[in-house]
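Novice: My questions concern the predicted model and sequence given below.
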Amino acid sequence: MDEDPFLERGNSISQDQRAELGLGALVFVVVALLLAMLVFVFHEAWPSFAHNGLGWFGGGGNVDNQIQAIFNSGEYKTAPVYTFHAWPLIWSTLLITIGAVAIAFVSALFIAVFMVEFAPPWLRRILEPVVRLLASVPSVIYGLAGVLVLVPFIGNHLIAQSEKASVTPTIQLSGSSLLAAVLILTVMIAPIMIAIFADGLRAVPRGWLEGSLALGINQWRTFWKVAVRTARPVLVAGTVLATARALGEAIMVSMVSGGVGFAPNPVDGLIFFFEPSQPLAATIIRNTEGLSSPPMKHTLYAIAAVLLFSSAMLSVIGWATKQPMRRYGMVP
Amino acid sequence: MTAAPARRPDRSTASWRLSDRLGLGLAWLLGLLFCAIAAAIVIYFLVEGIRYLRPNLLVTNPAAASSESQSGGFLDPLLGTLIVGAMAMAIAVPVGIGIAVWLSEFGRPTGLARVAESSIEMLAGEPSVVLALFGTILFTAPALGFLSQTTHGVVLGQSFFATAALLSLVGLPLVVASTREGLQAIPSHVREASYAVGKTKIATTRRVLLPAARPSVVTGTMLGLGRVISDTAIVLLLLGGTLTFSTANSTPVLGLLRGTGDTLTGYIYYNAPTGDGNQPSKAYAATFVLLLMVLALNLGVDFVLSRSRKAVTWR
């Protein structure tokens, strides 16, 4: 084109090598930055883990009072306090994450199957952008919807006065509850799952389905037994990624889950679903001013380290489970 | 004339087993329910937004006041969202394209490619509070003190620079994934044709591959921008959450960017009943504006995708 072809050929090797080196260095820097994140966060977290040992993950005492004591010890420059037993926070994280992922998985699977195979074309044209839209609504807007609509509804209509009275000294049933957090989180992560599931289902070769249909198997059974089964790795990968998102969701959950370091107790019967709690990520958001107090800072980084480690593990699992589909030549 | 496309003769489900028919029914039900929930959320916020949004909210600055008539609008948070989005994408797009090109066109040594691929995947799943805390360590380091404010030798670590840097990590995986997908969709004979006329690899990438993958790059950028302006945790921790801009010094642009501020997401969080401001009407109005931005980005993605689908395919 505009360059002299011989001139270009003359320094082509060095030009390409320069580009490769430059881009490689860029990639290396980004990877190094992410590794530095792991190192820095765990380094800051170490004092909290070192003082508590495995008891960090266990229960014992009121976690809200522990946080207060840790914060005060740094703020008033007394001997640093590190005693922290995070079990209520971990339990709340597990309940909310598993609850939301379980509901979202079943609904997302049915919706993805519907969207890919059974929906009439006009509905498909609506569903696809709707999935993308719901996946991109900011979490603070979901939180706002929760705190202004769902939480008052649960508080005023679903919880009886007698139930509120029965637990009054320990906790308040205002409507900020496990139920609210799980429901909204389900709506937040289902679109992510639907999008990934649908990509996987679409990647299943058409011929495999035709083969089954030709044998007289009906369309539903064919799709369920052939396409959904083939796409299993993608189902796992999508679920794992959505779990990572649910685990780290801090803003919305901090708005609707109640903000009390209380471990909801399944033995309480129906009230269990209405009990407030506070998961790990929301604890960080609610205590950001504690960063000025050194022991509190280390405790918050310890929480972050647990989240970082779990979501990194989930990402690795998600990445690994997608590989079988690639091997079949189906890239979702 | 060819025959009409083969249509399955019998689409009735009458002959199906009951369990299959129930399954199909459930799929219909959940599909419609999903649309209904989406419509409910969007319509609710649009209606409430129109009810509370006044033009003067867009041009006045927020003030900490207990009455709604005195607490002002959200000019600075709105500008903050635009600044932060532009800055974060200014970092994420070039870096993302670079990483995608390297992964798809070079990718050697293989070990580094593996590590890079899984790190980007990991970054995509990382909670933004964790990124925000990492940003706090990074930007309170004395060496990076020039990017925020320093009082009595203590680096504050909260500024537009810090926020944009960490938010670019939020947008990065989306840019990389989308660009890479676009590059990989280009068949190898296109590259070979370019090499055959004497183009170098990098010239091919710049003149042939990247222009061909432009729709993917644009899609990735818009998806990334959507994620960036929706993020709240990083804004709360790294932008300071001062309702208005508070500049570091009087230097026109740098002073602003080294100072603290707020974005729409931070403003909504502040004005939600759980926040310190607690003025839901202001939160509704700001939500309306933010939701319009997100909707516009979504429509943009749809537009680019549908246009690129219609474009000529490589054959």
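Specialist: It's in. None of the values given here were measured: they were computed from a predicted structure.
Novice: so is residue 298 in a helix, a strand, or just coil?
Specialist: Looking at chain A here, since you left the chain open. Look at A:His298: counting by DSSP: H, G, I helix; E, B strand; the rest coil, its state is helix.
Novice: which residues touch it?
Specialist: Under the criterion of Cβ atoms under 8 Å, 6 or more residues apart in numbering or on different chains, the neighbours of A:His298 are A:44-48, A:82. Where C-beta positions appear, they are placed from N, C-alpha and C, glycine not excepted.
Novice: Also B:Leu172?
Specialist: Applying Cβ under 8 Å, 6+ apart to B:Leu172 gives the contacts A:30, B:92, B:95-96, B:99, B:120, B:123, B:224.
Novice: Redo the contacts of A:His298 as CSV? Include distance to B:Pro127 and secondary structure.
Specialist: Shown next, in CSV, are these (distance: Cβ to Cβ, whole Å; DSSP: H, G, I helix; E, B strand; the rest coil):
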residue, distance to B:Pro127, secondary structure
A:Glu44, 16, helix
A:Ala45, 15, helix
A:Trp46, 20, helix
A:Pro47, 22, helix
A:Ser48, 18, helix
A:Tyr82, 23, coil
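Novice: how many other residues sit next to residue 17?
Specialist: You didn't say which chain, so I picked chain A. Neighbours of A:Gln17 under the rule other Cβ atoms under 10 Å in any protein chain shown: 12.
Novice: try chain B instead
Specialist: For B:Arg17, the neighbour count with other Cβ under 10 Å is 12.
Novice: So what does it have for phi and psi?
Specialist: The phi/psi pair for B:Arg17 (degrees, to the nearest 10) reads phi -70, psi 160.
Novice: B:Ser159 now?
Specialist: Torsion angles, degrees, to the nearest 10, at B:Ser159: phi -170, psi 170.
Novice: Just list the residues touching it, thanks.
Specialist: Per Cβ under 8 Å, 6+ apart, neighbours of B:Ser159: B:139, B:147-149, B:238-240, B:248, B:257-260.
Novice: Could you check which residue of the stretch 51-200 of chain A lies nearest chain B?
Specialist: A:Pro138 (3.3 Å; Cβ to the nearest Cβ).
Novice: what residues does the stretch 201-315 of chain B put near chain A?
Specialist: Within the stretch 201-315 of chain B, the residues that sit near chain A (Cβ under 8 Å from any Cβ of the partner chain) are B:201-203, B:205, B:207, B:223, B:226-227, B:229-233, B:236-237, B:265, B:268-269, B:272-274, B:280, B:283-284, B:287, B:290-291, B:294-295, B:297-298, B:301-302.
Novice: what about the nearest residue to B:Leu305 once chain neighbours are set aside, distance to chain A?
Specialist: Using Cβ to Cβ, 6 or more residues apart in numbering or on different chains and skipping the chain neighbours, the partner closest in space to B:Leu305 is B:Thr219 (6.4 Å). As for B:Thr219, its distance to chain A is 11 Å (criterion: Cβ to the nearest Cβ, to the nearest Å).
Novice: ok, of the contacts of B:Leu172, which one's closest to B:Phe160?
Specialist: Checking the contacts of B:Leu172 against B:Phe160 by Cβ to Cβ gives B:Ala92 as the nearest, at 15.2 Å.
Novice: Contacts only, for B:Ala233.
Specialist: By Cβ under 8 Å, 6+ apart, the residues touching B:Ala233 are A:250-251, A:285, B:127-129, B:131-132.
Novice: Determine the set of other helices and strands touching the helix or strand where A:Trp91 lies.
Specialist: Assigned by DSSP states H and E, A:Trp91 falls within helix A:87-113. In terms of contacts (3 or more Cβ pairs under 8 Å, 6 or more residues apart in numbering or on different chains; DSSP states H and E), helix A:87-113 is packed against helix A:63-75, helix A:178-202, helix A:232-248, helix A:280-286, helix B:18-52.
Novice: Let me know the angle separating the second one from helix B:18-52.
Specialist: I take that to be helix A:178-202. 120 degrees (axes from the mean of the first three to the mean of the last three Cα atoms, to 10 degrees).
Novice: Any residue of helix A:178-202 touching chain B?
Specialist: Yes - Helix A:178-202 reaches chain B (Cβ under 8 Å from any Cβ) through A:187, A:190, A:194.
Novice: how far off helix A:87-113 does that helix point, in degrees?
Specialist: 40 degrees.
Novice: Report the buried residues of whatever helix or strand comes next after helix A:178-202.
Specialist: Where DSSP H and E defines the elements, the next helix or strand beyond helix A:178-202 is helix A:206-214. By neighbour count with 16 or more other Cβ atoms under 10 Å in any protein chain shown, helix A:206-214 contains the buried residues A:209, A:212-213.
Novice: Give me the subset of those that also touch chain B.
Specialist: A:Leu213.
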